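> here is my input; please provide its structure:
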Amino acid sequence: MKPQPTPVKRSVPLAIADDIRMRIESGELSPGEPIPTIHQLCETWGCTVAAAREAHRLLKDQGLVSGGR
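Numbers count the residues shown, from 1 in each chain. As a prediction, the model looks like this:
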């Protein structure tokens with residue numbers, strides 16, 4: 001089944017986290033492969049550091065990523 005975005009009006013952090021989650025679920029990002037950094041997310045999404053950090057936190061809370069740097 002193709003990964004789908006969360007079916008709610010999404011905040012910027014949720015949109016970022018959904019994008020990364022779908023890339024993980026589709027195999028575009030492999031286990032152990034680093035996800036984009038906070039700085040990269042800010043550049044790509046044109047978002048604040050706080051929004052990028054919240055996206056990382058959401059992914060950690062879902063058990064999709066671990067650790068830090």
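
> just the buried residues of stretch 29-45, please?
29, 35, 36, 41, 42, 45 (16 or more other C-beta atoms under 10 Å). Placement of C-beta: from N, CA and C, glycine included.

> residue 19: which of the residues you listed is nearest?
residue 45 (8.5 Å; C-beta to C-beta).

> burial of the residue lying closest to that closest one once chain neighbours are set aside, as a residue count?
Leaving aside its chain neighbours, residue 45 sits nearest to residue 16 (5.7 Å; criterion: C-beta to C-beta, 6 or more residues apart in numbering). Counted with other C-beta atoms under 10 Å, the neighbours of residue 16 add up to 24.

> coming back round to it: among the buried residues of stretch 29-45, which two are most distant?
Using C-beta to C-beta, the buried residues of stretch 29-45 span at most 18.7 Å, a distance reached by 29 and 42.

> got a list of what the residue nearest to residue 45 touches?
Residue 16 makes contacts with 41, 45, 47, 51, 52, 55, as judged by C-beta atoms under 8 Å, 6 or more residues apart in numbering.

> tell me where the protein has strands.
When assigned using DSSP state E, the chain turns out to have no strands.
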